[in-house]
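> Show me how the following folds:
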Amino acid sequence: MGVVGTILGLPFAPVRGVLAVAELIRRQVDAELYHPASVRRELEAAEEARAVGEISPEEEAEAQQRVLDRLTASPAEPGPDEEKR
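Modelled structure (predicted):
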């Protein structure tokens with residue numbers, strides 16, 4: 001069934017390609033979200049925004065909690081602001 005399967009599967013090749021690209025993008029986004037440097041930048045940005053008066057201490061604490069929630073949630077489990085896949 002190798003040749004027949006290949007011929008019959010050709011119409012689905014673009015779909016498989018799109019799914020492969022989508023998976024690659026998802027892995028890259030996950031890597032960026034959980035990378036220590038990214039997490040540190042986000043926490044430092046919240047701290048600096050509070051220091052210059054852009055946000056309140058409560059808003060800074062909320063931003064820190066969002067980062068911690070994202071880090072402690074399992075990758076299969078969506079966070080509070082994410083939709084289920």
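
> Distance of Leu43 relative to Gly9?
47 Å (Cβ to Cβ, to the nearest Å). Where you see a C-beta, it was placed from the backbone N, CA and C, and this is true even at glycine.

> who has more neighbours, these two?
Leu43 (15 against 10; other Cβ atoms under 10 Å).

> Can you list the buried residues in the biggest helix by length in the chain?
With secondary structure taken from DSSP state H, the chain has its longest helix at helix 13-34. Judged by neighbour count (16 or more other Cβ atoms under 10 Å), helix 13-34 contains no buried residues.

> and the helix or strand that that helix is followed by, what does it pack onto?
Using DSSP states H and E, the helix or strand that follows helix 13-34 in sequence is helix 36-51. On a contact count with 3 or more Cβ pairs under 8 Å, 6 or more residues apart in numbering; DSSP states H and E, helix 36-51 meets helix 57-72.

> quick one, the helix it packs on and helix 13-34 angle?
Interaxial angle, helix 57-72 versus helix 13-34 (axes from the mean of the first three to the mean of the last three Cα atoms, to 10 degrees): 130 degrees.
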